[in-house]
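K.L.:
Curious how this folds, go ahead:
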Amino acid sequence: MKTIDVRGMTDRGLSIALAACKKKYETAEDDYPLHRALRSLGVTVSLPVWNQENHDWRQYNLVVPRTTWDYQQHFPDFCRWLEGLENTTLLCNPIATLLWDAHKKYLKDVEAAGVGYFHTASRNRAETSCARSASSTNPR
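P.N.:
Okay, the predicted model is just below:
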């Protein structure tokens, strides 16, 4: 896994992409304190749309899939996007962890560990698979 030492990077212009989806949700306002905090540290914060064509993700030191809430409708594209980022820039988490979380199979791991959670509906569909499968095994 790649790591990045951000100490002193704000002097050189640390840039973080908080990837989003096209549709804006009112709950995205919950991120405003995060944006303000990062900007107060001199970090450039951008909110690019994750599936925007021809976007140059190399311009960011770090990409955080933050409000990519439409990924379920475009899961194969979402997987390709993540895999493309792997060799382009630094992702906030390993792809295996992001896919584990995106696929919601992690809820079974959480339940098996005895942790309570709000149950959700899920579906198994062939088109929700990725080349790099989101296994039901906890990647951590």
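K.L.:
Check which helices and strands the lengthiest helix in the chain sits against.
P.N.:
Ranked by residue count under DSSP state H, the longest helix found in the chain is helix 75-86. For helix 75-86, the elements it packs on are helix 95-102, judged by 3 or more C-beta pairs under 8 Å, 6 or more residues apart in numbering; DSSP states H and E. (Glycine included, C-beta is placed from N, CA and C.)
K.L.:
what are the C-alpha coordinates of the helix it packs on, in CSV please?
P.N.:
The C-alpha atoms that make up helix 95-102 are tabulated as CSV, following Å, rounded to 0.1, in the frame of the first residue of the first chain:
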residue,chain,number,x,y,z
ILE,A,95,-9.2,-0.8,-3.5
ALA,A,96,-10.0,-4.1,-1.8
THR,A,97,-11.4,-2.2,1.2
LEU,A,98,-13.3,0.2,-1.0
LEU,A,99,-14.9,-2.7,-2.9
TRP,A,100,-15.6,-4.6,0.3
ASP,A,101,-17.4,-1.6,1.6
ALA,A,102,-19.2,-0.8,-1.7
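K.L.:
rewinding a little: any idea how far the longest helix of the chain is from the middle of the chain?
P.N.:
10 Å (C-alpha atoms, centre = their mean, to the nearest Å).
K.L.:
next one: stretch 83-91
P.N.:
Stretch 83-91 sits 11 Å away from the centroid of its parent chain (C-alpha atoms, centre = their mean).
K.L.:
Next: stretch 106-120.
P.N.:
On C-alpha atoms, centre = their mean, the centre of stretch 106-120 falls 21 Å from that of its chain.
K.L.:
and if you look at stretch 103-123?
P.N.:
On C-alpha atoms, centre = their mean, the centre of stretch 103-123 falls 19 Å from the chain's centre.
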